[in-house]
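1. with the sequence up front, the predicted model follows.
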Amino acid sequence: MNLFRKISHTYRAFIKRIDEKRRQQLLQERVFSDINHFLKRNCPKMAAVSGYRKKLGHAVSVADAHIAELMDQIPGPIDLAPEQWEDQPVLRSMFVRPEDIGALLKSNKYLARVFKRGDTQEAISLLGATLHEKTVLGVEKNDGIIRRDVPKKVIYFADHELFAPAGTMAACRFQIKHLALVSLCQEVLQDTTGLQVWKKELEDQKTLLEFKLNVDGPDDAGMETDETLAETRELLTTIKNKIKSINTQINVTQDHLGRITRVFENPAAHLTLEKKTFRLDRLGFRLDAGSTEPAYAFSLAAFQFGKAPKMAGIWVRITPDSQKIPA
C-alpha cells in the first residue's frame, strides 16, 4: 500500500510538472503574439534581427519568475460577498457598504462569463483598488482626557476592479501573468511614444527656424545681424541632428530589441509589491504598530506599476450567489 501511494504521489507530481510546463509554454506564446503586434506597428523589421526570439524568450522568463514571486505574497483568497462585509475587516475597509460589493460583482462581465460556462461553482480573482492614505484631525481619549484636533491617519480605496476572474487559482494566476507581461511591453511603447512626441516638437521648431532664415535673407530690409543669423543656423543644425538621432532610435530594430529585453530582464524596476498589515481602530483610523488600543487588523498587497497610482490587492473567492445584491 505504501508503495502504491508513493507511486501515485510521484505520478501526480509528474502530471503537475507537465501541466505547469504547458502553461508556461502557452503563456510565452501569448506574450510573443502580443509583442509581435507591437513590433508590427512600431518596428516591422524586428524579425530580421538574428536570434531575436531566443533573446526575448529568456527575458520573458525572467519577468515571468519575478511576477510569480510577487503573486505568492498576495494574501487570500477570502470570500467576496455582501454578507461577508460585516465579518471581514478587509472588506469593511475597502468598501463603504455591503451593497458596493454586490454592485461590483454584478457589473463584471468577465465574471459572468466564468459562471455562464457552468463548469465551476466558484471563481478566483484578484481584487484591486487604488490605495489612498491621508491625515485628518480627529478626537483622542487618553487617561480620561479627551483631546481634539489630533492628527489621525485614514486609508480609503477607490476604483475597485476584479482582475482576471477564472475557475481556478492556476488559471487566474496565468491571466494575471499575461496582463503583467503585456503591460511591461506597453512600458516600451510609452518610451517610443515619448520619442515620437519629442520628434514632432523638434520638427515644428525646425520649420519655424527655416522660415525665419528664409524671411530674413540678405535682401530683406528687416535683416538680422550676421551674429544672430549664425546663432539661428547653429540652432537649426542642432535640431536636425537631434531629429536624426531620434529617427535612429525609433527605426533601428536592434534598439527596439534592446529596450524590450531590458524592461523584461529588470521587471523589479517597473513592478513592485509589498505585503502590508493595517491596524485600524473602531472608527477606521490607522493605528501605529506600537499602539495598545483595541484594533482589527488585515493584510493587503500594495503594488505599483511604473508611475501609476499605488494599488491594493487581495485574492478573492466568488460564488454565483455572491452576485446577488441584498435588499
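-> Yep, it's here.

2. show me where the stretch 151-300 of the chain has its strands.
-> Counting by DSSP state E, counting those that start in this stretch, the stretch 151-300 of the chain has these strands, from start to end: 271-280, 285-286, 296-305.

3. and the last one, what does it pack against?
-> Using 3 or more C-beta pairs under 8 Å, 6 or more residues apart in numbering; DSSP states H and E as the contact criterion, the neighbours of strand 296-305 among helices and strands are helix 89-94, strand 271-280, strand 311-318. In short, each C-beta sits where N, CA and C put it, glycine included.

4. recalculate using a threshold of 10 Å.
-> In terms of contacts (3 or more C-beta pairs under 10 Å, 6 or more residues apart in numbering; DSSP states H and E), strand 296-305 is packed against helix 52-71, helix 89-94, strand 123-142, helix 169-215, strand 271-280, strand 311-318.

5. the strands of the stretch 151-300 of the chain: which one's closest to Phe115?
-> strand 296-305 (25.6 Å; C-beta to C-beta).

6. tell me what angle that closest one forms with strand 311-318.
-> An angle of 120 degrees separates the directions of strand 296-305 and strand 311-318 when computed by axes from the mean of the first three to the mean of the last three C-alpha atoms, to 10 degrees.

7. returning to what we had before: dump the strands of the stretch 151-300 of the chain to TSV, plus distance to Ile67, mean neighbour count and mean pLDDT.
-> Listed next are these as TSV, based on distance: least, C-beta to C-beta, whole Å; neighbours: other C-beta atoms under 10 Å; pLDDT from 0 to 100:
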stretch	distance to Ile67	mean neighbour count	mean pLDDT
strand 271-280	7	16	89
strand 285-286	29	18	80
strand 296-305	11	18	89
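
8. closest one to Ser183 among those?
-> Proximity of the strands of the stretch 151-300 of the chain to Ser183 was assessed by C-beta to C-beta; the nearest stretch is strand 296-305, lying at 6.1 Å.

9. what lines up beside the closest one in the sheet?
-> For strand 296-305, the pairing partners within the sheet under DSSP bridges are strand 271-280 (antiparallel), strand 311-318 (antiparallel).

10. what's the per-residue pLDDT of the closest residue in space to Met94 that isn't next to it in sequence here?
-> Spatial nearest neighbour of Met94, chain neighbours left out: Phe157 (4.8 Å); criterion: C-beta to C-beta, 6 or more residues apart in numbering. pLDDT recorded at Phe157 is 92.

11. hey, what's Phe157 bridged with?
-> In this structure, Phe157 has the following beta-bridge partners (DSSP bridges): Leu131.

12. cool, and the one 5 residues further on?
-> In this structure, Leu162 has beta-bridge partners Leu127, where bridges are defined by DSSP bridges.

13. ok, it to Thr292 distance?
-> Distance, Leu162 to Thr292, by C-beta to C-beta, to the nearest Å: 37 Å.

14. the two: which is more packed in?
-> A direct count of neighbours by other C-beta atoms under 10 Å for Leu162 and Thr292 places Leu162 higher, at 19 against 6.

15. pretty sure Asp119 belongs to a helix, no?
-> No. With DSSP: H, G, I helix; E, B strand; the rest coil as the criterion, Asp119 is assigned coil and is not in a helix.

16. give me the spatial nearest neighbour of it, chain neighbours excluded.
-> Leaving aside its sequence neighbours, Asp119 sits nearest to Gly167 (C-beta to C-beta, 6+ apart; 6.6 Å).

17. now the stretch 101-250 of the chain, which segments are flagged as low pLDDT?
-> When the per-residue scores of the stretch 101-250 of the chain are filtered using pLDDT under 70, the ranges that remain are 136-150, 186-199, 212, 215-227, 246-250.

18. what's the pLDDT at the nearest residue to Ile314 once chain neighbours are set aside?
-> Among residues not flanking Ile314 along the chain, Gly76 sits closest, at 4.6 Å (C-beta to C-beta, 6+ apart). Model confidence at Gly76, expressed as pLDDT, equals 85.
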